[in-house]
Structures are given as structure tokens and as C-alpha cells.
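J.: Need the 3D shape of this:
(one chain, ligands or ions: 2)
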Amino acid sequence: MNALKRHRELDAIWASEKGWTGWFSTVNHSDLGRMFLVLAFFYFAVGGILSMLIRAQLATPHSAFAGPEVYNQIFTMHGTIMMFLFAIPAIEGLAVYLIPKLLGTRDLAYPRLTAYGFWCYAFGGAMLLFSLFAGIAPDGGWFMYPPLTGPLHSPGINTDFWLIGITFVEISAICAAVELTVSILKYRAPGMSLDKMPIFAWYILVTALMILTGFPPLILGSVLLELERAFGLPFFQTDLGGDSLLWQHLFWLFGHPEVYIIFLPAAGIVSTVLPVMARTTLLGYGWVVAAIVALAFLSFGLWVHHMFTTGIPSLGVAFFSAASTLVAVPTAVQIFAWIGTLWKGRPDLRLPMLYILGFFLTFVIGGLTGVMVAIVPFDWQVHDTAFITAHLHYVLFGGFVFPLLAGIYYWLPLFSGRQRFFRLGEIAFALVFAGFHGTFLAMHWVGLLGQRRRIHTYDADAGWTAINLFSSVSSFILAIGLAMVLVDVILNLFVAVRGKRNPWNAGTLEWATMAPPPSYNFASLPEISSRDPAHADPGLPNRIAGGEGYLGQPRGTLRETLTVDIASGRPDYVVRYPANTRLPITLAAVTGLFFLSLLVKVYWIVPIALIGVVLLACRWVWGLGQRVDEGPVPVGRGVSLPPAAETAKSPGWWGSVFLLIADATFFGSLIFGYAFLWTIAPGWPPPEWLQPLAPELAAGVGGAVAAAVLMRLTIRRNADGRPARITCLLTLAAMGMLGVAVATMTGRVPAPTGHAYGAALLVVGGYGMLHIALAALMLGFLSVRIAAGYVSVTRKAELHIVRLWVDYAAATGVICLLIAHVPVLLT
Ligand code: HEM
Ligand SMILES: [Cu+2]
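T.: Numbers count the residues shown, from 1 in each chain. Ligands and ions are numbered 1, 2, ... in the order given. Below is the predicted model of the structure:
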């Protein structure tokens, strides 16, 4: 088969439907990555326009441009859009597009999940955008502190848009994080061991793991606050046994890691682009990997530094202040690696490099003011002033937007297959750089003079007028610069002349295929033996196109790729992907209906939407797997691998593991909240504790243990070739017993609206019941699958997936019961 024929055949298998209707059914990561990026930059523009409105308002004292109500909505939506609808999705988009190409594979682990995540983002974002245009946008600031955002002080629907809309959008972040983690660990070109992975993949891996453990606290906080607002469960009300500081803890448990979730991928761009611009390799690969892992761990221990002025004990303040300055160490390791790389290479001042230099300067200043505010007495002075706003923009713009633009310009020839011929980008850079520093240097200054953040106006005699005007004029220069970048990129995408492959002479795999890359990425998957495969073997692109790697012979209409062993990169098993489908967008729409009915408080739709979600999810998984034993199939180069359904650790198993890690973080945050209120909030123990009930506890523990044992028995029987359906149904019954126990506990909770204790128990019980229901659903589904012939001695994948969820539901169910019973037994 020649290269052209191979291309035609593969493209027929992998391409999305033609025309714009193809957007709704595509599951191709390149298309979805592009859709993510375009939508993210659309929100960058929206957020940017809002920031222009802010600066227009603040340019002069007593500006009549926007009143306080409108101003509150504008700055809240600016912050919210930039953080949740621009920064995170832009990273997801870039990673979704690039990761399979960098790793030498054909798609991400779960193509339909990529699509579902995108549509959750699109629909959730649309909800927030609607609120903005309707004039009912959130107005409590992007960190939404109660009691300001509680039912008493923000009775309108504005805050609900934030809590519900953002939670909806978070689903897409969790989807992308699960997807990227599993893809990076399992979906690589054969031979690519962990230490041969492109450095960008390491950054994205660590970022994805941080999303899995960083976002759940915020989701929990949003759920609790929405429950307080909608049903009067008083988690944050001091007079009813709650505490508004609980929100601050949950928010910053998310919020501080969030800063690194935004920064790390940007640093990953720098670590990727800088060596290429310097015509060398990254200095200290291993050190950089160690530094980013350390940074991730550290970042979870710093959240309290956002709460120095809340009156927490001074020992805590001292600890978190010291810990915060520690972050400088891993950051410095990276900076030294970059400087060393520049030193040993021959840097070439092309456009991406300009943005990297802009990043250096800006980020270092942002880091310095960061160390300043980590010093507690200084923070007391500048807290809630424009100084903080200036600091955060130096970090976010310097640490994120500059590297992102470097990355966009670096990968533009790959996206478009064209070469730049206008010099617009250089002028734009100068405007962006000058405009940015003008805007925010001035805000440091005016902040030190005492201008608070989030004020819609100030007095003429405050002495801030000239500085504010300067800042506002600079911000318009910045905006013009950014608009020019946009024009430059659009011109490049559509009218520039065709460019050559690999214009930067980079060593990573994305440049070893066509530009723009075809729908299937690689005509055959290469065998990797070096960190810079394209440099190590100049003939690689031709050999990939010539089908000399793995899976070079298309089989029927199957979308096939292979996975590898995590550490060594040895081929593991073959994966067959589902084809284009509208199932993801439909599921996202029904998920949206669920959130929408909560938002507008039409509660009878909620169960209907939930049933819809369950039915569609069943249809989703039903299409997977196979009904015949197939045995190892040849994948080329003399290797044969089993299909995914015939392994214990299938893609579904890996995905479940990481999803459950996020889930466990959510549950852990819930327990943290319970313990926090118990120790801190007034009125615990409340007047009426839940009375312990021995039969309830015994039935629950018994059911959980029985379920775990019976599930294992099911797997054992199946492995022995004996019928497994009966034990599967018995597991279901045991789960039911645990469910009854947790349900009676939840039903007996005293006064949930009268005291935070009852409210907390209600949520704990609800969490337990939800997971028991989920496990029961899976067991029922599994028994039908067994009857339909999808499970055999070799096709055991589904059993192992269900076992994970059964174990998790059993364990959390028991913990829920213990949480309800043990404290009472103790006091
Ligand atoms: C495009 C240029 C930008 C300008 C001119 C700008 C300007 C501003 C200004 C003046 C404020 C303060 C509002 C106030 O306290 O009254 C603000 C707040 C904020 N900005 Fe930006 N910004 C820009 C880009 C960004 C980016 C790229 C991000 C994040 C990735 C971001 C995130 C935030 C956040 C989180 C807040 C705090 C909002 C709040 O207090 O609720 N901004 N911005
Ligand atoms: Cu922080």
C-alpha cells in the first residue's frame, strides 16, 4: 500500500463528518482541541472587553459610566470569565490538541468524553454569558465569599448563576483531567518510557492530577452554598452552627492550586519552546520534572495565605507564611534550568522567543510581589488594595498569557501548515508588553497609596487621578496589541502561503507528521528510542508515512490505536475507539437541563433530567466491548496484542481510578468541612444529636462487607468459567442493604435547616446514597451484560471496573454511617 492510499483509507476511517454539522458529532481530538481554543479565546475577548469597561470607569473620579450594581457585575464577571472560561479551557484546548501528537498516538483515551467535556463547557459558559447580557450576572466577586453571597445579602438569582454555571463548567475540567491523565500514562508511542516523554506531557500530567484534586473542594463549596441558598441548610451561618470561613477554606483549597494549574502548563510551553528557540535541549530534564511535582505538592499546603486577615491563630499564620516562601525553591529550579538552556544554546530572537522574554520579566516581578505579600504584616497593609490586583495580573498575565501567546505562535505553523509573512506580530508584542506594564505598574502604586480593589469610584482629592488615567490609557494600548495578535493569527490561518514541515527544526513528534496533521495524526505509530525522535532520526517522517511503524495497515473501519505499559513504554493492548456520534452533545444538553432546572428552581424537571442522564449513560457504555473472544491481534512489526476488553486494567478501569480520586477528594473535603465546623463553629454539639442505632450500623457494615466479598466471588467464578450472574445479583442485594442503612440514617437527621450539624449529615448521607445507587446501577447493568454475552473468561474488563465502584461505594457508605454515629458515642 503506498502512502497516498494509506492516507485515503485512514482518513475515511478517522475524519469527522464534513461541514459545520460535523462539529456536533465529532469525537476527534484535533477538532475538539481547536473548538476548545476558539471558544476560550472568544471568552478572552469577552473578559478583555469587560476589563476595558473597568478601566474606563476608573480612569476618572466620579465617573458616571457605571453605577455600583453594574460595576460589581463587571469585575465579578471579568475575573470569573478569565479564570474559568478562558484560562483553564485554553489549556485544556491546547493539551487536547497537542498531547496525542506529542506522544505519537492517534487520539486521547476517551474521544466521546472529550466531546462531552467540550459541550459542558459550551453550555455552562453560555449560561454565564446569558446572565451577563440579561443584567443579572453574579456580583459577589470571583471568589464569592459568604455571607455576602448568602441568601440574606444576595437574594437574587445572580449568585446562583455563578454557583451552578461554574459547577457545570467544572465537569468539563474534570473530564479533561481524567482524559489527559490516562492518555499520558497509557497512550504513547511504543518505546516512549516515562523519561523519554516530551517535557510538556509531564507538565500536563501534573496539572491534570492537580485539577482532579484541586477542583472538588470548589465543587463541594458551590454545592453547599447553593443548598444554603435554595433550601436553607445553614452551612455558612454563624448563628445556626455554621461558619462563613468554611467557604474561604474550601475556596482557597481550590484557589491556590488553581494558580498553579494555570501556571504549570504555561511553564510547560516555556520549557518546550525555549530549547527549540535556543537550538539546544532543555537543561536538567529530571530536575524540572522533580520541581513541578514538588510544586504541585507544595501548592496544596498554602491555601491559608489567602486568609491572613481573617483572624486565624498566629501559629497557623506563621506556618503558612513560611511555607509560602518555600514555593520559590522549585520555581527557581525551573528558572535556572531555563537560564542554563539559554546559556548552552544559541538563542534566536524569533517571535515566540519575544513572548518568552516578556514572560521572564513580568513573571519575576509578579513573583517578587508574591514573596512580599507572603510576609504577613505587609499583607495586612495591602490586602484588598489595587496592589493585590496588580500582583495577580503580573502572575496571571505574565505567567500565563505571555507563554500562551508564545505557544500559539510556536505551534501556529502546525495548526495551519502556513508560514507567517506579515510582521504584525512583532508590533503587537511591543504594544502588549508596554501596555501591560503601564497598566499594572501604576496599579501597584495606587494600591500602596490606599486605593482599594473593587471600588466603582473614588474622590478627586484622593490623589489617584493621574495614576488611574495613566493605567487606563495603557490598558487600551494593551487591548490594541491583543487585537492585532488576533488579526495576525487569523490572517495566518486563512491567507498566508503554505509553509514547510517543522519550520523551527524541533525534535518532538508533532512535527514528524503532516502540517496541519491529518485526522489520524500518524499513518503508523513510530517506535521511540530518544527524547527528541525527530532529531535522532531524520528519516522518521517518511517512515511513519510509509507505514513502517505499528498499526500502519487499516483494519476494516476500525479506529485503532495501542496503549503502553506506564513506566517502560512496552506495547500493552489494542484499543478500538467509537466513531462519530451525537451522544456526547445530547448527554451534555440533558446535563444542562438538570442544572438549568436547579437554577430556575423548577424541581419537577430534576428527576426527569437525571433519568435522562442515566439512560444516555447506559447507551454510552453499552456500545463498548465485544461478544466474541478474539485473542491477540497483530499490530505490525511482528507484535500481537490483546484487545482492551480482554484485559483487567482496561481504559475504563484507569479512567475509573482517576475519577474516583477526584471523587474521594470531594468526599475528603466534605469530611474536612464537617470536622472544621465541629471544632470551630459555635453550638456544636447541637441541641439534638442523631441518636446512634446499632441495627442500622450493623446492617450497613454487614452489607458493605458482603458486597465487597460477593463482588470478588463474582470475579473468581467468572475466571473459573462458572456462571457469575447470580453472585453479581447477590452483590446488588448486599449493596441494597447498605443503601437501606444509609437511607434510614439520612432520614433520621435532626433539624437540617435549624443547625449546620443536621445539614452536614444530610449531605454526608446524600453522598453515600448517591454512590450506592451508582454502584447498584452498575451491578444491574453488569448482570444484563453477562446475560447478553459481553463477559467471558477472557473478556473480564467490565467486572474489574464494577468492582472498583462497588468497593468505593461500600467504603464511603460505611464512613458515612460512622460519621453519623461515632461523634455521639464519643461525647
Ligand atoms: C486584558 C487585560 C486585563 C486588564 C486590563 C485587566 C484589568 C483588571 C482590573 C482593573 C481589575 C480590578 C477590578 C477591581 O478590583 O475593581 C481586574 C480584576 C481581576 N482580573 Fe483582570 N485584567 C486583564 C486580564 C486578566 C487576565 C488574563 C486574568 C486571568 C487569567 C484576569 C483575572 C482577574 C481577576 C481574577 C480579577 C479579580 C476580580 C474580582 O476581584 O472579583 N485579568 N482586572
Ligand atoms: Cu495562593
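J.: Residues of the stretch 251-400 of the chain that sit close to ligand 1?
T.: 389, 393, 396-397, 400 (C-beta under 6 Å from any ligand atom). C-betas here are computed from N, CA, C, even on glycine.
J.: Now neighbour count and pLDDT too, for those residues, in a markdown table please.
T.: Formatted as a markdown table, those follow (neighbours: other C-beta atoms under 10 Å; pLDDT from 0 to 100):
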| residue | neighbour count | pLDDT |
| --- | --- | --- |
| Thr389 | 22 | 96 |
| His393 | 21 | 96 |
| Leu396 | 20 | 93 |
| Phe397 | 23 | 94 |
| Phe400 | 25 | 96 |
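J.: Inside helices: which ones of the residues you listed?
T.: 389, 393 (DSSP state H).
J.: just for the protein, where's the confidence low?
T.: Scanning the chain for pLDDT under 70 picks out nothing.
J.: Looking at it, what residue ends up closest to ligand 1?
T.: Gly79 (2.8 Å; C-beta to the nearest ligand atom).
J.: And the closest residue in space to that residue that isn't next to it in sequence, which helix or strand is it part of?
T.: Residue nearest to Gly79 in three dimensions, not counting chain neighbours: Trp142, with 3.1 Å by C-beta to C-beta, 6 or more residues apart in numbering. Using DSSP states H and E, Trp142 falls within no helix or strand.
J.: Make TSV from the residues of the stretch 251-400 of the chain next to ligand 1 and add distance to Ala460 to it.
T.: Formatted as TSV, these follow (distance: C-beta to C-beta, whole Å):
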residue	distance to Ala460
Thr389	21
His393	26
Leu396	31
Phe397	29
Phe400	35
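J.: Max pairwise distance over the residues of the stretch 251-400 of the chain next to ligand 1: which two?
T.: Distance extremes for those: the farthest pair is Thr389 and Phe400 at 15.6 Å, using C-beta to C-beta.
J.: what's the closest non-adjacent residue to Ile174?
T.: Ala662 (5.7 Å).
J.: ok, that neighbour - contacts?
T.: Contact analysis of Ala662 by C-beta atoms under 8 Å, 6 or more residues apart in numbering lists 174, 177-178, 212-213, 215-216.
J.: how far does the strand or helix carrying Ser669 sit from the chain's center?
T.: Element membership for Ser669, per DSSP H and E: helix 651-680. The chain centroid and the centroid of helix 651-680 are separated by 16 Å, computed with C-alpha atoms, centre = their mean, to the nearest Å.
J.: which residues touch the spatially most central residue of the chain?
T.: With distances taken as C-alpha atoms, centre = their mean, Ala173 lies nearest the centre of the chain, 3.1 Å away. Contacts of Ala173 were listed using C-beta under 8 Å, 6+ apart, and they are 88, 92, 117, 211, 215.
J.: Can you tell me the SS state at it?
T.: helix (DSSP: H, G, I helix; E, B strand; the rest coil).
J.: Kindly report the same for the one 10 residues further on.
T.: Three-state assignment for Ser183 (three-state DSSP): helix.
J.: Number of residues surrounding it?
T.: Number of residues near Ser183 (other C-beta atoms under 10 Å) recorded here: 29.
J.: From Gln553, how far off is it?
T.: With distances taken as C-beta to C-beta, to the nearest Å, Ser183 is found 24 Å from Gln553.
J.: And the helices in the stretch 351-500 of the chain?
T.: 351-374, 376-382, 386-393, 402-416, 424-448, 465-494 (DSSP state H, counting those that start in this stretch).
J.: which strands and helices sit next to the fifth one?
T.: When contacts are defined as 3 or more C-beta pairs under 8 Å, 6 or more residues apart in numbering; DSSP states H and E, helix 424-448 sits against helix 351-374, helix 386-393, helix 465-494.
J.: Surely Leu799 touches Arg712?
T.: No - Leu799 lies out of contact with Arg712 (C-beta atoms under 8 Å); the separation is 10.0 Å.
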